[in-house]
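>>> give me coordinates for this.
(4 chains)
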Number of protein chains: 2
Amino acid sequence: MNSGVTDSLPPIQTTARDDAVLKALASFVRQEALGPGEKLPTERILAERLKVSRNTVREALTRWEGLGLVERRQGSGTYLKAAVSPDMLHMPLTLAGGNDFAGLMRTLEIRRALEAEAAALCAIRAGKAEIAEIERKLDIMEEAFHTRAGMSSEEDWEFHQSVYRASGNPLFEQIISAMHELFHRFWEHPLGVRDFGHASFPYHRTIFDCIAAHDPDGARREALKLIATVENDLKRGAANLKLSDRK
Amino acid sequence: MNSGVTDSLPPIQTTARDDAVLKALASFVRQEALGPGEKLPTERILAERLKVSRNTVREALTRWEGLGLVERRQGSGTYLKAAVSPDMLHMPLTLAGGNDFAGLMRTLEIRRALEAEAAALCAIRAGKAEIAEIERKLDIMEEAFHTRAGMSSEEDWEFHQSVYRASGNPLFEQIISAMHELFHRFWEHPLGVRDFGHASFPYHRTIFDCIAAHDPDGARREALKLIATVENDLKRGAANLKLSDRK
DNA sequence: ATGCAGAAATTGGTTGGACCATTGAACCAC
DNA sequence: GTGGTTCAATGGTCCAACCAATTTCTGCAT
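Numbers count the residues shown, from 1 in each chain, chains lettered A, B, ... in the order given. This is a model prediction of the structure:
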């Protein structure tokens, strides 16, 4: 097992050790064609091969862990959580005080911006295959809506993701997914509003119609309407919450 | 100097040490009301006060450094680079293969989305003071444009930043600033196009006019036009680059 | 053979101590 | 004062253990 490691992990040379470690590791991952879920060499092996201390390896891996690129499991090993490449750029964002309602509204404004643009780009670029996929997700969502008599956040999310993917720009899905994970407790059962997102239901099909008709401006407009309904629901929920606090 | 440190840095307790260290440090920063640029206790002090090894403290600080929250200067100390609070949320984004031209265009699509929304929100929310500030930046930019006979990226950037700030949502400035830093080598001298961004000049004032008139849809429309001209310039630059590669 | 409990090896997490490289301030010679 | 020197403080690296969780192996009972 170590034989494969030996060839592509030459010792490093200069200062800025941990950065050099990460560079070496990135090119190693590339040469070995490792993908998400796969295990990378142990800290001790890396330290030995790169001729640096295990502490230095740990600091480097800590950085990658903080960036969500790897996951460490004590007793098991360190595993890739995302695709890494030597030329990737990092853009860590910090939402100060994002836990409260105001923070949620702020992220929703970002989502509105991205959602509208993604829908517009999707209307321009989506091919027949992508449009078919979006319609499939839309059908599933609509059936779930009629069967269970309400919005299903799971199917709803799948529909939106298919739009992001068809936009031709992976950054849309990446950013919105990150926000979605951060606030999924809110998206799921937001503020105790019953039938949350009910009002947004019809706009899913109007967005799809604009995409299928390759009408970017229309898609942008309908997407903005959709997010506006979600914002209204949230505000309503916040008002209810305040009300229930009073009693 | 250590007397102030003693009171608000009690020892921590359980496993997940480095997380606990960061939590303790965050509440410490809050209690001491430390802001960006200020120096926080040395690693040795922290290790002693928190009753953990200095290595553990280092791993914790490494995480914050990777998130851009602190900056470490050897021989000097560790300094806050941004406001930190105990309840902040992190959203690290990784742009795979973002170094090339395609990556730049992808980030520009994100910027178009955010720019349009920020302008629209600004038109809704900006008060007299904010509008005056934006106009001031616009005047400076226009004067620089006529004096030096071309776009000045510095003043241009200041104008846009004032719009982001007046949007009432700090996330806009945060995200776009992060992208701006990543690609500032491109924004500055992009692909050797002379008079880059020249075509975008008039839209700065049309955007401002819409903001001043509290016309969100107009502001959104003009912002989209502005980014479109930038995209065209970039495409033209890419074509020139390919051409010059040929010879 | 099979299955399962316990031992052993593996691996990340933590500790303590040591030394190096850089920084910045105090100090001294001029 | 000016300019260089010295020296303490601080982050960066290294080493050698040990701890804790996990995985793998071993061997016994069935």
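>>> any stretches of chain A with poor pLDDT?
Scanning chain A with the threshold set as pLDDT under 70 gives A:1-15, A:97-99, A:149-151, A:185-195, A:238, A:240-247.
>>> any idea which residue of it lies closest to DNA strand C?
A:Thr42 (3.3 Å; CB to the nearest atom of the strand). For glycine as for every other residue, the C-beta is placed from the backbone atoms N, C-alpha and C.
>>> and the residue nearest to that residue when sequence neighbours are not counted, bridged to which residues?
Residue nearest to A:Thr42 in three dimensions, not counting chain neighbours: A:Gly77, with 6.3 Å by CB to CB, 6 or more residues apart in numbering or on different chains. Note on A:Gly77: beta-bridge partners by DSSP bridges are A:Arg73.
>>> go ahead and confirm A:Gly77 touches A:Glu38.
No: the pair A:Gly77 / A:Glu38 is not scored as a contact, 10.0 Å apart, by CB atoms under 8 Å.
>>> dihedrals phi and psi, the residue of chain A closest to DNA strand C?
Note on A:Thr42: backbone dihedrals following degrees, to the nearest 10 are phi -70, psi 160.
>>> burial measure for it, as a count.
By other CB atoms under 10 Å in any protein chain shown, the residues close to A:Thr42 number 14.
>>> from A:Asp19, how far out is it?
Using CB to CB, to the nearest Å, A:Thr42 is found at 21 Å from A:Asp19.
>>> all strands of chain A, in order?
A:39-40, A:70-73, A:77-80, A:89-95 (DSSP state E).
>>> turn the ones you listed into a markdown table, including mean neighbour count and distance to A:Glu231.
Supplementary listing: the strands of chain A in a markdown table, determined by neighbours: other CB atoms under 10 Å in any protein chain shown; distance: least, CB to CB, whole Å:
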| stretch | mean neighbour count | distance to A:Glu231 |
| --- | --- | --- |
| strand A:39-40 | 17 | 43 |
| strand A:70-73 | 16 | 35 |
| strand A:77-80 | 16 | 37 |
| strand A:89-95 | 20 | 18 |
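>>> which ones are touching A:Gly218?
A:123, A:210 (CB atoms under 8 Å, 6 or more residues apart in numbering or on different chains).
>>> what segments of chain A are helices?
Along chain A, the segments classed as helices by DSSP state H run A:2-7, A:17-31, A:43-50, A:54-66, A:101-125, A:128-148, A:153-166, A:170-182, A:184-188, A:201-212, A:216-246.
>>> could you tell me which residues of chain A lie near DNA strand D?
Contact residues (CB under 7 Å from any atom of the strand) of chain A with DNA strand D: A:15-18, A:47, A:51-56, A:59, A:73-76.
>>> DNA strand C next: which of these are close?
A:15, A:54-55, A:73-76.
>>> of all those residues, which comes closest to chain B?
Lowest distance from chain B to these (CB to the nearest CB) belongs to A:Asn55, with 6.4 Å.
>>> where does the closest residue to DNA strand D within chain A fall, phi/psi-wise?
The minimum distance from chain A to DNA strand D, using CB to the nearest atom of the strand, falls at A:Gly75 (2.3 Å). In terms of degrees, to the nearest 10, the main-chain angles of A:Gly75 are phi 80, psi -20.
>>> number of nearby residues for it?
4.
>>> so which of the helices of chain A is nearest B:Leu67?
Of all these, helix A:54-66 sits nearest to B:Leu67, with 6.1 Å by CB to CB.
>>> quick one: contacts of that closest one?
Counting by CB under 8 Å, 6+ apart, A:17-19, A:21-22, A:25, A:43-44, A:46-47, A:50, A:70-72, A:78, A:84, A:92, B:18, B:55, B:58-59, B:62-63, B:65-67, B:90, B:92 sit against helix A:54-66.
>>> related to what we said a few turns ago, now distance to B:His146 too, for the helices of chain A, in CSV please.
Output for the helices of chain A, formatted as CSV (distance: least, CB to CB, whole Å):
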stretch, distance to B:His146
helix A:2-7, 61
helix A:17-31, 44
helix A:43-50, 56
helix A:54-66, 46
helix A:101-125, 32
helix A:128-148, 46
helix A:153-166, 42
helix A:170-182, 36
helix A:184-188, 49
helix A:201-212, 42
helix A:216-246, 34
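>>> just the buried ones out of the contacts of helix A:54-66, please.
Among the contacts of helix A:54-66, those scoring as buried are A:17-18, A:21-22, A:25, A:43, A:46-47, A:50, A:70-71, A:78, A:84, A:92, B:18, B:58-59, B:62-63, B:65-67, B:90, B:92 (criterion: 16 or more other CB atoms under 10 Å in any protein chain shown).
>>> A:Val163 contacts A:Ala119, correct?
Yes: counting by CB under 8 Å, A:Val163 does reach A:Ala119; the two are 6.0 Å apart.
>>> and the residue nearest the centre of chain A, what is it in contact with?
What sits nearest the mean C-alpha location of chain A, by CA atoms, centre = their mean, is A:Ser177, with 2.5 Å. Applying CB under 8 Å, 6+ apart to A:Ser177 gives the contacts A:Gln161.
>>> stretch A:62-69 near DNA strand C at all?
No: against DNA strand C, stretch A:62-69 shows no contacts by CB under 7 Å from any atom of the strand, the least distance being 7.5 Å.
>>> check the offset of that stretch from the chain's centre.
Relative to its chain's centre, stretch A:62-69 lies at 15 Å (CA atoms, centre = their mean, to the nearest Å).
>>> any common contacting residues for A:Val163 and A:Ala119?
A:207, A:211.
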